[in-house]
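Chemist: Got a predicted structure plus its sequence, pasted below:
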Amino acid sequence: MNPTLDLLYRLADDQLILGHRNSEWNGLGPILEEDIAFSSMAQDKLGHSLQLYTLLHELGEAEPDTVAFTRNAPQFHCCQLTELPIGEYDFSLIRHFLFDHAELLRFEALADSSYEPLALVARKIKGELKYHVLHANTWVKRLGTATEEAIERMQAALEFTLPYALGIFETTDAEPEIISSGLFIGEKELQTRWEASVSKVLAQTALTLPDLRTLTPVAGGRHGQHTEHLQPLLDEMAEVFRLDPTADW
């Protein structure tokens, strides 16, 4: 795949799928504040995905709605972390924390991309992601220094989620050209920055970050290999669109 298309599909698919997952907290948040917060962040991510799918369309790909709603799981390039069910709040919070730290750093770097249309979009997106990270940090610090039960649950969620989070940084065959052309700094450099970022926050809690070198990343998503959870999510997400793909809403 063209390196620019390769990168854009990964970016857009991550935003779309996690945006949909976060929207599932609507009406289910542990407190009203969090119900609203997750719903708001879900809207942001769906908006980010639209901006990125629009860039793809400008490069000759199908219309954003067609790309979002007519592909099946093997055609998606999201990391597997994004497609997991929301589970309990501790998991969703830790996923939010690990993913959005990576995304903020990613879009800060993309603001200097050699592909100017992407750089312009990244400069807008990174501003919203700062608030997502602030939200995640606040709750990780609060629950990571709270009761014994809260700390135990957060630690268990962290240990479960980390291998999936490492899959964020899975590369494709386009990686060397993505770096050499100045499109992006590359996944290895991003991971290094991410590790420093999340470590700094976790050091302010009672949570322990495992040695990441001992973990096996859950990979495959960037190459169309997904969990059993993605296709049912796509079917639900596209149910209305597929009733009449030609409808003008």
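Modeler: Sure, I can see it.

Chemist: For the helix-or-strand element of the chain with minimal mean pLDDT, give me every contacting residue.
Modeler: The weakest-scoring helix or strand in the chain, judged by mean pLDDT, DSSP states H and E, is helix 239-243 (a mean of 79). Residues outside helix 239-243 that contact it (CB atoms under 8 Å, 6 or more residues apart in numbering): D65, F69, T70. No exception for glycine: its C-beta is placed from N, CA and C like everyone else's.

Chemist: can you do 6 Å?
Modeler: In this structure, residues lying in contact with helix 239-243 by CB atoms under 6 Å, 6 or more residues apart in numbering are F69.

Chemist: now it, how far from the centre of its chain.
Modeler: With CA atoms, centre = their mean, to the nearest Å as the basis, helix 239-243 stands 25 Å off its chain's centre.

Chemist: before we move on, what about stretch 13-20?
Modeler: Between the centre of stretch 13-20 and the centre of its chain there are 6 Å (CA atoms, centre = their mean).

Chemist: What of stretch 221-230?
Modeler: The chain centroid and the centroid of stretch 221-230 are separated by 14 Å, computed with CA atoms, centre = their mean.

Chemist: same thing with stretch 96-116?
Modeler: 10 Å.

Chemist: Now do the buried residues in that stretch.
Modeler: Using 16 or more other CB atoms under 10 Å as the test for burial, stretch 96-116 gives 96-111, 113, 115.

Chemist: same thing with stretch 67-79?
Modeler: In stretch 67-79, counting by 16+ other CB under 10 Å, buried: V67, A68, F69, R71, A73, F76, H77, C78, C79.

Chemist: quick one, what contacts the fifth one?
Modeler: Going back to what we said before, that points to A73. H226, L230, Q231.

Chemist: do the third one as well
Modeler: Taking CB under 6 Å, 6+ apart as the criterion, F69 is in contact with A238, F241.

Chemist: try the first one
Modeler: Listed by CB under 6 Å, 6+ apart, the contact partners of V67 are Y53.

Chemist: Which helix or strand contains it?
Modeler: Taking DSSP states H and E as the criterion, V67 maps to helix 64-69.

Chemist: Following that helix in sequence, what is the next regular element?
Modeler: helix 80-83.

Chemist: Pull the distance from the helix or strand following that next one to the chain's centre.
Modeler: Tracing the chain past helix 80-83, the next element assigned as helix or strand by DSSP H and E is helix 89-110. Relative to the chain's own centre, helix 89-110 is displaced by 7 Å; criterion: CA atoms, centre = their mean.
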